[in-house]
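Asks: Mind folding the following:
(2 chains)
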Number of protein chains: 2
Amino acid sequence: MDWGTELWDQYDILDKHTQSGLDLVDKYMKFVKERTDIEQNYAKQLRNLTKKYSPKRGSKEEQECRFSNHQAFLDILNEMNDYAGQRELIAENMMINICVELNKYLQELKQERKMHLSEAKKSQQSLEAMYKQLDNSKKRFEREWREAEKAAQYADKTDQDLNATKADVEKAKQQAHLRTHIAEDCKNDYAVQLQKYNKEQSQFYFTDMPQIFNKLQDMDERRIKKMAQGYILFAETERHVMPIIGKCLEGMTRAGTNVNARNDSMVLIEQHKSGFERPGDLDFEDYSQGINRASSDS
Amino acid sequence: MDWGTELWDQYDILDKHTQSGLDLVDKYMKFVKERTDIEQNYAKQLRNLTKKYSPKRGSKEEQECRFSNHQAFLDILNEMNDYAGQRELIAENMMINICVELNKYLQELKQERKMHLSEAKKSQQSLEAMYKQLDNSKKRFEREWREAEKAAQYADKTDQDLNATKADVEKAKQQAHLRTHIAEDCKNDYAVQLQKYNKEQSQFYFTDMPQIFNKLQDMDERRIKKMAQGYILFAETERHVMPIIGKCLEGMTRAGTNVNARNDSMVLIEQHKSGFERPGDLDFEDYSQGINRASSDS
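Replies: Model prediction:
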């Protein structure tokens, strides 16, 4: 079962079908291209978000990173930045491994399809030209035999005409023989043309066109296999970075589990304790001592 | 080691530090909120992309899905739509489990912090008022003993004055005794106030303020633990949908591996073969038969 034998009379279908195949490649390429745009945009937004929330160098926020709960946020931001990088990698690899690759292949296929179709057209035109030649030859043969028939009838009529001279009869018979001879040449020519045409037609339907249609089928199957690879790469490209994205997520979780509340309280103490003792009791200031003495003296 | 004992004289630091802690909660919440916006936007773009490339019902594209290489593209689009749904789920879960949760907690913490700080302020003001009272009492004692001293000196002077009457001496002595008595009352009052103040001051520095500062420390450590949970949930929420995202990617790969080029060629045959035989040889049309006969008859 192949296109060459089963679809021998479906040139237009094969024309349309192979075009629709190339259109699908083109459509899938554009789809992947738009997906990469979305990925790039997504990654860019994640990067901007990271940048927006990252502390400026030497800022108060940066100093607060001595506290684990501030440091953890910074760690998460850093992991997010790496995460964004992986999304960019997905976009880049989809672009290189699918879009660029398929585009190159598509151009080749377009050329190849055009070549096969024009070869088919050429064969078809050549057969049609040959048919026209055959038809002409057949018509000439028909016409010439009608003329020969007429000449023979005229010769018969002259032969039976009592008023005709012997010379008239001889001339008419000669004319009839000549015509018959010409007509027989035409018949031979027609027979030769017919044999040639039948050989060519058989070559066309049983060899040339099947070969071209099978080449189209082969081309289409190669296209489909290439597309299948492109389909598989779509998910594969993302799955490829999954372990690293997993590591980013692990890093974020670790940032959370590294937070130590008690320790952060201690860091604040280390940073700010004055070391002073708390105030003790105020002393009694006895203004009466001098006077008491004076009073007891009196 | 706790804030109550080590940072007893760092009220302003604790004020600023606990505020900075709440600011971090607020900042992290806003960060997560913006991340969910990015996720939602990303999911929406993926959904739009899917919709754009999905065949319309009853369209030529839909009919072409009998070919595995067209069907596979449709399968990928469907998996992408599910994929987008998972990204939306990430956004929704981050919103509910982190933003809403932390926001509620932040409001509670704000209230609690305000309460602790105002309690500390009140204790401080009460101690200051008591100090003012003690100071007044001390100054009165000082003043009254000066007066008593003067009265005693005047009584001595009158006693040794040869011109003074016995009545003058008696009056001056009585005045001196009265003054001394008043001053001694003031001294006792000062002593009582001092004892009261010292007790209060000790209560303030060794019990009340340490308790409040330790409550602030406890609050801050609870905040940090809650934030750590929020940090961990950030990656956890995404990791939670990873298996389903993995299934979407597997589905896409399967779509690719399901493509069968040979089979697609056969489907085209089934759909379009006419069943007609290829044209055989054209017959020789012998216009000369009738004439040959006529010719041979002659």
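
Asks: From here on, just use CA atoms for contacts and neighbour counts.
Replies: OK.

Asks: Could you look up the SS state of residue A:259?
Replies: Using DSSP: H, G, I helix; E, B strand; the rest coil, the structure places residue A:259 in coil.

Asks: Need the phi and psi values for it.
Replies: When read as degrees, to the nearest 10, the backbone of residue A:259 gives phi -70, psi 130.

Asks: Residue A:274 now?
Replies: On the backbone of residue A:274 - angles per degrees, to the nearest 10 - the values are phi -80, psi -20.

Asks: try residue A:278
Replies: Residue torsions, per degrees, to the nearest 10, at residue A:278 are phi -70, psi 150.

Asks: check contacts around the nearest residue to it once chain neighbours are set aside.
Replies: Of all residues not flanking residue A:278 in the chain, residue B:205 sits nearest, at 6.7 Å (Cα to Cα, 6 or more residues apart in numbering or on different chains). Residues in contact with residue B:205 (Cα atoms under 8 Å, 6 or more residues apart in numbering or on different chains) are A:278-279, B:8.

Asks: who wins for most neighbours among the residues you listed?
Replies: Using other Cα atoms under 10 Å in any protein chain shown as the neighbour criterion, residue B:8 leads the contacts of residue B:205 with 22 neighbours.

Asks: Now residue A:261: closest residue in space, sequence neighbours ignored.
Replies: residue B:221 (4.8 Å).

Asks: what about residue A:39, neighbour count?
Replies: Neighbourhood size, residue A:39 [other Cα under 10 Å]: 23.

Asks: Tell me which residue in the stretch 51-200 of chain A sits closest to chain B.
Replies: Scanning the stretch 51-200 of chain A for the residue nearest chain B gives residue A:198, at 5.2 Å (criterion: Cα to the nearest Cα).

Asks: is it true that that residue touches residue B:281?
Replies: Yes - at 5.2 Å, residue A:198 counts as touching residue B:281 under the criterion of Cα atoms under 8 Å.

Asks: Pick out whichever of the two has more residues nearby.
Replies: Using other Cα under 10 Å as the criterion, residue A:198 and residue B:281 rank with residue A:198 on top: 20 against 14.

Asks: elements contacting the host helix or strand of the residue of the stretch 51-200 of chain A closest to chain B?
Replies: Residue A:198 belongs to helix A:166-203 when assigned by DSSP states H and E. For helix A:166-203, the elements it packs on are helix A:101-160, judged by 3 or more Cα pairs under 8 Å, 6 or more residues apart in numbering or on different chains; DSSP states H and E.

Asks: Please name the residues that touch the residue of the stretch 51-200 of chain A closest to chain B.
Replies: Residues near residue A:198 by Cα under 8 Å, 6+ apart: B:280-282.

Asks: for residue A:177, same thing?
Replies: Residue A:177 is in contact with A:148, A:152, counting by Cα under 8 Å, 6+ apart.

Asks: From residue A:137, how far out is it?
Replies: Distance, residue A:177 to residue A:137, by Cα to Cα, to the nearest Å: 21 Å.

Asks: try residue A:13
Replies: Noted for residue A:13: a distance of 34 Å to residue A:137, by Cα to Cα.

Asks: neighbour-wise, which of those two wins?
Replies: The neighbour comparison of residue A:13 against residue A:137 (other Cα under 10 Å) goes to residue A:137, with 21 against 14.

Asks: Just confirm residue A:5 contacts residue A:208, I think it does.
Replies: No - between residue A:5 and residue A:208 there is no contact under Cα under 8 Å: 11.1 Å.

Asks: Out of the contacts of residue A:198, the closest to chain A would be?
Replies: Chain A lies nearest to residue B:281 out of these, by Cα to the nearest Cα, at 5.2 Å.

Asks: Is that closest one in a helix, a strand, or coil?
Replies: coil.

Asks: residues contacting it?
Replies: By Cα under 8 Å, 6+ apart, the residues touching residue B:281 are A:198, A:201-202.

Asks: okay if I get those as a markdown table plus pLDDT?
Replies: Below are these laid out as a markdown table (pLDDT from 0 to 100):
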| residue | pLDDT |
| --- | --- |
| A:198 | 96 |
| A:201 | 96 |
| A:202 | 96 |
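
Asks: so what's residue A:215 closest to, chain neighbours aside?
Replies: Closest residue in space to residue A:215, ignoring its immediate chain neighbours: residue A:116 at 7.4 Å, by Cα to Cα, 6+ apart.

Asks: coming back round to it: helix or strand: which one has the residue nearest to residue A:261?
Replies: helix B:209-257.

Asks: what separates stretch A:183-197 from the chain centre, distance-wise?
Replies: 53 Å (Cα atoms, centre = their mean, to the nearest Å).

Asks: meant to ask about stretch A:154-171
Replies: Stretch A:154-171 sits 83 Å away from the centroid of its parent chain (Cα atoms, centre = their mean).

Asks: Pull out the buried positions in it.
Replies: Judged by neighbour count (16 or more other Cα atoms under 10 Å in any protein chain shown), stretch A:154-171 contains these buried residues: A:154-156, A:158-159, A:169.

Asks: now the angle between helix A:209-257 and the helix holding residue A:198, please.
Replies: Orientation of helix A:166-203 against helix A:209-257 (axes from the mean of the first three to the mean of the last three Cα atoms, to 10 degrees) gives an angle of 20 degrees.

Asks: buried ones in helix A:166-203?
Replies: A:169, A:172-173, A:175-177, A:179-180, A:182-184, A:186-187, A:189-191, A:193-195, A:197-198, A:200-202.

Asks: for stretch A:27-45, same thing?
Replies: Buried residues in stretch A:27-45, counted by 16+ other Cα under 10 Å: A:28-29, A:31-45.

Asks: Could you give the average pLDDT over that stretch?
Replies: The pLDDT scores in stretch A:27-45 average 98.

Asks: Could you list the residues in contact with it?
Replies: Contact partners of stretch A:27-45, identified using Cα under 8 Å, 6+ apart, comprise A:84-85, A:87-88, A:90-92, A:94-95, A:98-99, A:102-103, A:234, B:38, B:42, B:45-46, B:49, B:53, B:73.

Asks: just the CA coordinates of it, formatted as CSV?
Replies: Taking C-alpha atoms only, stretch A:27-45 is exported to CSV below (Å, rounded to 0.1, in the frame of the first residue of the first chain):
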residue,chain,number,x,y,z
LYS,A,27,2.3,26.6,12.4
TYR,A,28,4.1,24.5,15.1
MET,A,29,7.3,26.6,14.6
LYS,A,30,5.3,29.8,15.2
PHE,A,31,3.7,28.2,18.2
VAL,A,32,7.0,27.3,19.7
LYS,A,33,8.3,30.8,18.9
GLU,A,34,5.4,32.3,20.8
ARG,A,35,6.0,30.0,23.7
THR,A,36,9.6,31.1,23.9
ASP,A,37,8.4,34.7,23.9
ILE,A,38,6.1,33.9,26.8
GLU,A,39,9.0,32.1,28.7
GLN,A,40,11.4,35.0,28.1
ASN,A,41,8.8,37.5,29.3
TYR,A,42,8.0,35.3,32.4
ALA,A,43,11.7,35.0,33.2
LYS,A,44,12.2,38.8,32.8
GLN,A,45,9.3,39.5,35.1
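
Asks: Just give me how far it sits from the chain centre.
Replies: Worked out by Cα atoms, centre = their mean, stretch A:27-45 lies 14 Å from the chain centre.

Asks: Quick check: phi and psi at the residue of the stretch 1-150 of chain A found nearest chain B.
Replies: At 5.3 Å from chain B, residue A:7 is the closest residue in the stretch 1-150 of chain A, using Cα to the nearest Cα. Note on residue A:7: its backbone torsions stand at phi -110, psi 30 [degrees, to the nearest 10].

Asks: Can you give me the neighbour number for it?
Replies: Residues lying near residue A:7 (other Cα under 10 Å) number 24.

Asks: what's around the closest residue to residue A:13 other than its chain neighbours, how many residues?
Replies: Counting by Cα to Cα, 6+ apart, residue B:272 is the residue found nearest to residue A:13 once chain neighbours are left out, at 7.7 Å. By other Cα under 10 Å, 15 other residues sit near residue B:272.
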